[in-house]
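Asks: structure of the sequence below:
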Amino acid sequence: MYKASRTTILAGALLTVSMLQGCATPIKASSTQNPAPSEAFSSFGRIEVKPMVFAEGYKGNQAGMAKIDENIRKDLAESLRTWNAAPANGRVLTIEPIVEEIQFKSGAKRVFLGPLAGSSGVRMRVMIRDNKGALVATPEFFQRADAMAAGFTFGVHDNLMLTRIANLTSAYIKANYVRAEGGPTGADDKAVAAPMTN
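Replies: Predicted coordinates for the structure are as follows:
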């Protein structure tokens, strides 16, 4: 009897582990570090941030995208007021955040399924152009919320993921205002996609 119940517990544990491994987000980053933009953003007399959109042809979680957009705007509001109060010089920098992939587990799904709802993940690209349309930078940002951590906090980690990726984006823009220096994508080595081989 004891041996049978031990076998049952072991089988259940193995099944749970395999299910959770299958719940890892397939979303990956392309690198851990963003290169520096072609010039510092302070070279521009005006800086405009466009509303966040999904990549062309991609459909994802609208609520998740809206939260990231809201957080970026809140993070940058004071800096933009200061930067745009300077004299105009005819140069305008346009910042367009684009969500390329997102898996966002809602609170309700977390409450009912916990870790089995899977991991959350988000990867976004920011297209930064001058007023002639030339690219100044195309930084990428990545964040994830592990299934176990998010599951046992009923979605708190999922929501924090949206805050963290917004903070990374805003920090990159602020850091590259005075000096072009690049910045982290938010991904660690394990979250970077393996290079394609022929």
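Asks: how much space between Ala36 and Val99?
Replies: 23 Å (CB to CB, to the nearest Å). All C-beta atoms are positioned from the backbone trio N, CA, C, and that covers glycine.
Asks: between the two, point out the one with more neighbours.
Replies: Val99 (23 against 16; other CB atoms under 10 Å).
Asks: got the contact list for the more buried one?
Replies: Val99 sits next to Met52, Val53, Phe54, Ala55, Tyr58, Gly60, Gly64, Met65, Ile68, Val122, Arg123, Met124 when contact means CB atoms under 8 Å, 6 or more residues apart in numbering.
Asks: output those residues as CSV; include the columns pLDDT and neighbour count.
Replies: Shown next, in CSV, are the contacts of Val99 (pLDDT from 0 to 100; neighbours: other CB atoms under 10 Å):
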residue, pLDDT, neighbour count
Met52, 97, 21
Val53, 98, 13
Phe54, 98, 17
Ala55, 97, 14
Tyr58, 95, 12
Gly60, 92, 16
Gly64, 92, 22
Met65, 95, 22
Ile68, 96, 25
Val122, 93, 29
Arg123, 96, 27
Met124, 97, 27
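Asks: redo the residues you listed as JSON lines? Include distance to Arg81 and secondary structure.
Replies: Shown next, in JSON lines, are those (distance: CB to CB, whole Å; DSSP: H, G, I helix; E, B strand; the rest coil):
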{"residue": "Met52", "distance to Arg81": "20", "secondary structure": "coil"}
{"residue": "Val53", "distance to Arg81": "24", "secondary structure": "strand"}
{"residue": "Phe54", "distance to Arg81": "28", "secondary structure": "strand"}
{"residue": "Ala55", "distance to Arg81": "30", "secondary structure": "coil"}
{"residue": "Tyr58", "distance to Arg81": "32", "secondary structure": "coil"}
{"residue": "Gly60", "distance to Arg81": "31", "secondary structure": "coil"}
{"residue": "Gly64", "distance to Arg81": "27", "secondary structure": "helix"}
{"residue": "Met65", "distance to Arg81": "24", "secondary structure": "helix"}
{"residue": "Ile68", "distance to Arg81": "21", "secondary structure": "helix"}
{"residue": "Val122", "distance to Arg81": "27", "secondary structure": "strand"}
{"residue": "Arg123", "distance to Arg81": "29", "secondary structure": "strand"}
{"residue": "Met124", "distance to Arg81": "24", "secondary structure": "strand"}
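Asks: so, if you compare these, which one comes nearest to Gln143?
Replies: Gln143 has its nearest neighbour among the contacts of Val99 in Val122, at 5.7 Å by CB to CB.
Asks: wait, the closest one sits on Ile165?
Replies: Yes - proximity of Val122 to Ile165 meets the contact threshold set by CB atoms under 8 Å, at 5.5 Å.
Asks: need the residues touching each of these two.
Replies: Ile68, Phe142, Gln143.
Asks: quick one: low-confidence residue ranges for the chain.
Replies: Along the chain, segments meeting pLDDT under 70 span 1-25, 105-119, 146-157, 194-198.
Asks: ok, and the closest non-adjacent residue to Glu48?
Replies: Thr94 (5.2 Å; CB to CB, 6 or more residues apart in numbering).
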